[in-house]
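Colleague: return a 3D structure for these sequence lines:
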Amino acid sequence: MAVCAIEKPRRRRGKTGTGRGAASPVLRWLRALLAFGIVMLTLSAGAAHAARPAASYKVDIDASPRSLRKLLEAHLDIARFAKRPDISDDQFEFLITATPQQVRDLAATQGYFSPVVRTDVRTVDDAKRVTVSVDPGPQTRISSVSLSFRGPVLTEDPAQENAARFAFSMHEGDAFSQGDWEDAKNASLKALQARRYLGAKIYRSEARVDPRTHEAKLSVTYDSGPTFTMGKLDVSGTRRYPEQIVDNVNPISVGDIYDVQRVAELQRQLQNTPYYASVAIDVDSDPAKPADTPVHVKVSEYPYNSFRGGLGYSTDNGPLIQGAYSYLDTFGKAWPFTVEGRADQIQQYGQIQLAMPPGPRAWTNSVLASYTTTDVSDTRIYSIRGGVQRARTSQFIDYNYSILYYQDRLDQNAIAPTTSRALVPSWSWTRRDTDDPLFPRKGNLIHAEAGFAVKGALTDQTFVRGYARGQQYLPIGKEDLVVLRAELGGVFTSGSSSGIPASLLFRAGGSNSVRGYGYQSIGNEVDGSVLPTKYLVTGAAEYQHWFSHDWGAAAFFDIGTATDTWGEKVFYPGVGVGARWRSPVGPVNVDVAYGIRNKDVRPYLTLGIAF
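Modeller: Numbering: from 1, shown residues only. All right, here's what the predicted structure looks like:
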């Protein structure tokens, strides 16, 4: 940006006739000439820009495979400078001369050590056209891989040595490339450093390539260095909230053997609290000081007041709006107070919660109250819930203990509205054991919960309730995946389900239940109303094929039922196909399912892993 400062003319002492508007004719002519010169310079610069010549030559690169051609297009000087209009004849000749050697150097990084290069220069319509033809020859293959280790790992932790060997991704018979060679060495080193040997390094590495036989012999020697143990936390960035919070959620004890998983768990524990916007953890890796090495934790805190909101859409619930307000310093003791709400076409939900800061081992106590209305399948449920809970979240397992009071009103077509209440002590447990939390390919997710109520203790009917859900991921080769899902639920009581709060009963159907049927449309149908039931069972099997890292397709079969009488169960099967996208914000699934029993076709759109 240009800035022009205009000052008022100053009167000179002892002079007259030099005030505002009294400039001499000579000064006026000089100003006019200066303005004319600026205009002419501007016009000439614009004309020069408009007359700028186009690129002096064009380049075509003929090479295969495609990866080699892309590499040459990106890094060959003759290609990179083709768009410049100021290349002189001498510079052009130099680029042409240098091209064959540059092709050999670049091709060597992908394992082609004897390429044949031809460079053809022609003039077509007064424009030079350069064609670079490359016959890469046979690609070098790996004939042997030798990994060796030195240091305490040889006697202290053979399993860690095996982990490093397993992480080395190049094997005999594989094509050799410089990029894969570097990636394999670094992956193996990272695996060795992940536990105990934080200061491990590559002691020696060699790739011996024979261009005549097109074979490569690889050898790497790793030096593990000493075993590292973790010391006290060095915390910085805490201004609003007590540093004790960090200590309470810390899963690491002084003297523990270094493990990158424990460090990741500490980071997860801190980010699961409502206090920290970001967490950075660094561990000293000086091999001269491996004992009780400091763990540096730098946090960035949220302000006391925060607002969150969002919009969304799902085929089950339609458009969605949600929001929450939090105040994180209630009573001046870092007690979080939260008010949140959510509304869509089917359900409206609101909750208030007051929690204490995390205590030892990250256990958090809270008191809460909520109100939910659900209107689906001609059945309306109005549910009030309130009570206390004690929860703990870790990297792999979550626990929750609670005592909650439910009071539900059920409105249906057949009879007048009914109200049920129950005081329910309950327990829930969730385990995550997958290779990737966002895009899993291997492992499983399991959730289980149980509760009970006793008639007379703020409860209309005695019952025991259990529910479990699981997902298993089974990789098939490098591109395919099988996903299995199942859920079971039951409310066990000597009477009917009418005395049990409806929000504790079950219905099925929808994108994360049985596809091919409407959301919660499978249950006990009475006069058009689909009522929640005492028992639930659903299952799904899905086969995914991935065409690229981000895009895939799926075929699936779902089946399930929800019933009050197990002897009179009716299963609802559904089949379909879908598209899968690993988006920047999580997995996106687009499905089309056919409900075999109701002969209906339904589309589904889901974002994320429902669990």
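Colleague: host element of K70?
Modeller: helix 66-75 (DSSP states H and E).
Colleague: what's in contact with that helix?
Modeller: Residues from elsewhere that reach helix 66-75 (Cβ atoms under 8 Å, 6 or more residues apart in numbering): 61-63, 79-80, 102-103, 106-107, 109-110, 112, 132, 134, 136. (C-beta placed from N, C-alpha, C; glycine too.)
Colleague: so what's the residue nearest to L76 when sequence neighbours are not counted up against?
Modeller: Closest residue to L76 apart from its sequence neighbours, by Cβ to Cβ, 6 or more residues apart in numbering: Q102 at 5.6 Å. Neighbouring residues of Q102 by Cβ under 8 Å, 6+ apart: 75-78.
Colleague: cutoff 10 Å now
Modeller: 72, 75-79, 95, 117, 132 (Cβ atoms under 10 Å, 6 or more residues apart in numbering).
Colleague: next one: Y382
Modeller: 348, 371-375, 407-411, 417, 419, 502-503.
Colleague: tell me which residue lies nearest the centroid of the protein.
Modeller: In the chain, the C-alpha nearest the mean C-alpha coordinate belongs to L438, at 5.1 Å (Cα atoms, centre = their mean).
Colleague: farthest pair in the contacts of Y382?
Modeller: Q348 and T419 (18.9 Å; Cβ to Cβ).
Colleague: could you dump the helix or strand hosting the residue nearest to L76 to PDB, C-alpha only?
Modeller: Element membership of Q102 [criterion: DSSP H and E] is helix 89-108. Presented in PDB, the C-alpha positions along helix 89-108 are these (Å, rounded to 0.1, in the frame of the first residue of the first chain):
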ATOM      1  CA  ASP A  89      19.300 -19.300 -27.000                       C
ATOM      2  CA  ASP A  90      22.400 -20.000 -25.000                       C
ATOM      3  CA  GLN A  91      20.400 -20.900 -21.900                       C
ATOM      4  CA  PHE A  92      18.100 -23.100 -24.000                       C
ATOM      5  CA  GLU A  93      21.000 -25.000 -25.400                       C
ATOM      6  CA  PHE A  94      22.400 -25.500 -21.900                       C
ATOM      7  CA  LEU A  95      19.100 -26.900 -20.600                       C
ATOM      8  CA  ILE A  96      19.000 -29.300 -23.600                       C
ATOM      9  CA  THR A  97      22.500 -30.500 -22.900                       C
ATOM     10  CA  ALA A  98      21.900 -31.000 -19.200                       C
ATOM     11  CA  THR A  99      18.600 -33.000 -19.700                       C
ATOM     12  CA  PRO A 100      20.000 -36.500 -20.300                       C
ATOM     13  CA  GLN A 101      22.000 -36.500 -17.100                       C
ATOM     14  CA  GLN A 102      19.200 -35.000 -15.100                       C
ATOM     15  CA  VAL A 103      16.900 -37.700 -16.400                       C
ATOM     16  CA  ARG A 104      19.400 -40.400 -15.300                       C
ATOM     17  CA  ASP A 105      19.700 -38.800 -11.800                       C
ATOM     18  CA  LEU A 106      16.000 -38.600 -11.300                       C
ATOM     19  CA  ALA A 107      15.300 -42.100 -12.700                       C
ATOM     20  CA  ALA A 108      17.800 -43.500 -10.400                       C
END
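Colleague: got a winner among the contacts of helix 66-75 for most neighbours?
Modeller: Neighbour counts for those (other Cβ atoms under 10 Å) peak at V103, which has 28 neighbours.
Colleague: can you tell me which of the contacts of Q102 is nearest G151?
Modeller: H75 (38.4 Å).
Colleague: packing partners for the helix or strand where I78 lies?
Modeller: Remark: I78 resides in helix 77-80, with elements defined by DSSP H and E. Helix 77-80 sits against strand 57-62, helix 66-75, helix 89-108, strand 127-135, with contacts defined as 3 or more Cβ pairs under 10 Å, 6 or more residues apart in numbering; DSSP states H and E.
Colleague: so how far is the next helix or strand after the third one off the chain centroid?
Modeller: Spelled out, that is helix 89-108. Scanning forward in sequence from helix 89-108 by DSSP H and E, the next helix or strand is strand 116-124. Distance of strand 116-124 from the chain centroid (Cα atoms, centre = their mean, to the nearest Å) equals 47 Å.
Colleague: what's in contact with strand 116-124?
Modeller: 57-58, 60, 62-63, 72, 78, 92-93, 95-97, 99-104, 107, 128-137.
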